[in-house]
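Engineer: this one's sequence-less:
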Ligand code: SD4
């Protein structure tokens, strides 16, 4: 319950108080966590309200499993959910009707793998992990990624569900083929886990912006933008309009802010603020970050410039702290 309260209370006004205990653990010259500080681990958080995904990750963590397995298994819950139209099977297509998926994964040693604009494969995060573990590369894109996945035994799958197809056909009637900046473009899942041994991993997976131009890739499969893990400091992941996150190398920025001594919450707020400053007056986009530091303290922040600041709350249960951003 203590943890739930922390997440609920960690809004803008209480940041100063909450951050005080975490500063020493994040400073580069004093990375050790003070003996007096509670370390919350294992811990897992994810974007939005995907408590089934964080519960799946928790199944791995609670029996001593590692963070990498936890985030992979966790985000696959959303990739396999046909009702989530921003991830995996059931994702909304590009403006030509093709579902193209982006994902990346990163481990405690800085190893990472990604797939970009991959079609016909249901679990891009698992392919990204294979890229990381079985190739000399970090990213595979398009046909190359698909071919690699098939060679690795993944099954060819039609990702376009009838629901997403019908919505796309409707969109085509009135859209003039113009790609929208979808201000309510959410449900991408980014997940961060800290396992019992104190090691981090992160994963991020999406079908990207609905009705995007063919070949468009956002932040989600880009290490440093959609996801970043530094096992000495912490981890961060992003959701929202990927172009803005790429421009600021958002997740790397959040981790570097934690390295400078900011709490995860302060870091997320400053990251969002930097993006806002570069977009003064713009009201058509939404950005959110979540972060965790080595003590298992968490933060998250989401903004939609067209409306008011959005606080977040705890979408998980006692042992599964999941964070979600609400409209
Ligand atoms: C993208 N960042 O492709 C993703 C979209 C997203 O929740 O996060 N949606 O730009």
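Structural biologist: Great, that's in hand. Everything numeric here is computed off the predicted structure, so don't read it as measured data.
Engineer: Please make it C-alpha for all contacts and neighbour counts, starting now.
Structural biologist: Noted.
Engineer: Name the residues that touch the one helix or strand residue 256 maps to?
Structural biologist: Per DSSP states H and E: residue 256 is located in helix 250-259. With contact meaning CA atoms under 8 Å, 6 or more residues apart in numbering, helix 250-259 is reached by 26-28, 224-230, 233-238, 245, 264, 267-268, 270-271, 289, 291, 293.
Engineer: May I see the PyMOL selection of the buried members of these?
Structural biologist: To isolate the buried members of the contacts of helix 250-259 in PyMOL, using 16 or more other CA atoms under 10 Å:
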select buried, resi 26+27+224+225+226+227+228+229+230+233+234+235+236+237+238+245+264+267+268+270+271+289+291+293
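Engineer: On the C-terminal side of the helix holding residue 256, identify the next helix or strand.
Structural biologist: Scanning forward in sequence from helix 250-259 by DSSP H and E, the next helix or strand is helix 264-277.
Engineer: could you say what helices and strands that following helix packs with?
Structural biologist: When contacts are defined as 3 or more CA pairs under 8 Å, 6 or more residues apart in numbering; DSSP states H and E, helix 264-277 packs onto helix 15-20, helix 250-259, strand 287-293, strand 298-303.
Engineer: That helix near the ligand anywhere?
Structural biologist: No - figure legend: helix 264-277 not in contact with the ligand (CA under 6 Å from any ligand atom); closest approach 13.6 Å.
Engineer: average pLDDT across that helix?
Structural biologist: Per-residue pLDDT over helix 264-277 has a mean of 92.
Engineer: ditto for stretch 236-249
Structural biologist: The model assigns stretch 236-249 a mean pLDDT of 95.
Engineer: coming back round to it: how far does the helix holding residue 256 sit from the chain's center?
Structural biologist: On the basis of CA atoms, centre = their mean, to the nearest Å, helix 250-259 sits 14 Å off its chain's mean C-alpha point.
Engineer: repeat for stretch 229-238
Structural biologist: Relative to its parent chain, stretch 229-238 has a centroid offset of 11 Å by CA atoms, centre = their mean.
Engineer: now swap in stretch 126-135 and tell me
Structural biologist: How far stretch 126-135 lies from its chain's middle: 18 Å, per CA atoms, centre = their mean.
Engineer: Also stretch 95-105?
Structural biologist: Centroid separation between stretch 95-105 and its chain, computed with CA atoms, centre = their mean, is 15 Å.
Engineer: Looking at stretch 161-171 now, give me its mean pLDDT.
Structural biologist: 96.
Engineer: err, stretch 111-122, not the other one
Structural biologist: Averaged across stretch 111-122, pLDDT comes to 98.
Engineer: now check that stretch, is it near the ligand?
Structural biologist: No - contact between stretch 111-122 and the ligand is absent, the nearest approach being 10.1 Å (criterion: CA under 6 Å from any ligand atom).
Engineer: Name the SS class of the nearest residue to residue 243 once chain neighbours are set aside, please.
Structural biologist: Of all residues not flanking residue 243 in the chain, residue 218 sits nearest, at 6.0 Å (CA to CA, 6 or more residues apart in numbering). What DSSP: H, G, I helix; E, B strand; the rest coil gives for residue 218 is coil.
Engineer: for residue 218, what are its contacts?
Structural biologist: By CA under 8 Å, 6+ apart, the neighbours of residue 218 are 102, 208-209, 241-243, 246.
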